[in-house]
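Q: show me the folded form of this:
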Amino acid sequence: MSYLTLLTLRLTAGAAQLDEALRVRHANYLACLQNADGGFPGRQGPSDLYYARFALRGLALTGELSEAVAAPAGEFLQSRLAAPLPPVDFLSLASGAVLLELVFGIDVFAWAGIDRRQAVLDRTAPFYRSDGGYGKTERGASSTYHTFLTAACLELVGAAVPDRSATVGLVGSRRRDDGGYVELAPLGQSGTNPTAAAVGLLRLMDAMDEPTRLAAAAFLASMQSA
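A: Purely as a prediction, here's the structure:
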């Protein structure tokens, strides 16, 4: 079972324990944000692939992703398939499409006559770096966060990073003395987001040992504030 699928199942089990009124309130909020084109906006403005993925996932977790919402969402995703997209948007599109297929059998890529696995491989390949990571741009340095997003999406469609050991090594090189991780190699101060991405990568690649787990957990706990 893929990392993202397992994570979704765990989150769904947790969401099932929410108070019913709270669950419905959040689901209704997400559903009412759907735009006429089937997508969802960020904080404001037109539909955005990155936030559309979160909206669909949030509705699925709360058990309120209906076909009335899913069908136009699938049309929105399909409408963006041919567009030149930055990696984070394409990966959001692909993972959202997989969710719609799992829940309702809506195959966004097949609608467009596109092989999903090959499309993900082709779209992500230009961003692969020699150190085993993926950049935000075709010429940019490896990003811890984008490497996680890409690896998780590749696994979701039955593919994998070209060199697992190199990617695991890259993650290790981003670790700092406090147990946290950085987004880019030159940075010295660990961050919450890159640490979460690094932990996800190590879990995904079955490369998380106990000392690393405990150190990362301690760092994340230290980031909590009043």
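Q: which non-adjacent residue is nearest the residue positioned nearest the centre of the chain?
A: Among the residues of the chain, the one closest to the centroid is residue 149, at 4.9 Å (Cα atoms, centre = their mean). In space, residue 149 comes closest to residue 91 once its chain neighbours are excluded; the distance is 4.9 Å by Cβ to Cβ, 6 or more residues apart in numbering. Using the backbone N, CA and C atoms, a C-beta is placed for each residue, glycine as well.
Q: just checking, next helix/strand downstream of the helix or strand that that neighbour is a member of?
A: For residue 91, the host element (DSSP states H and E) is helix 87-104. Downstream of helix 87-104, the next assigned helix or strand under DSSP H and E is helix 108-111.
Q: and that next one, what does it pack onto?
A: helix 67-79, helix 87-104, helix 116-124 (3 or more Cβ pairs under 8 Å, 6 or more residues apart in numbering; DSSP states H and E).
Q: ok, back up a step: what residues does the residue nearest to residue 149 make contact with?
A: 124, 149, 150, 153 (Cβ atoms under 8 Å, 6 or more residues apart in numbering).
Q: isn't there a strand covering the residue nearest to the centre of the chain?
A: No: under DSSP: H, G, I helix; E, B strand; the rest coil, residue 149 sits outside any strand and is assigned helix.
Q: so it touches residue 90, yeah?
A: No: using Cβ atoms under 8 Å, residue 149 is not in contact with residue 90, being 9.8 Å away.
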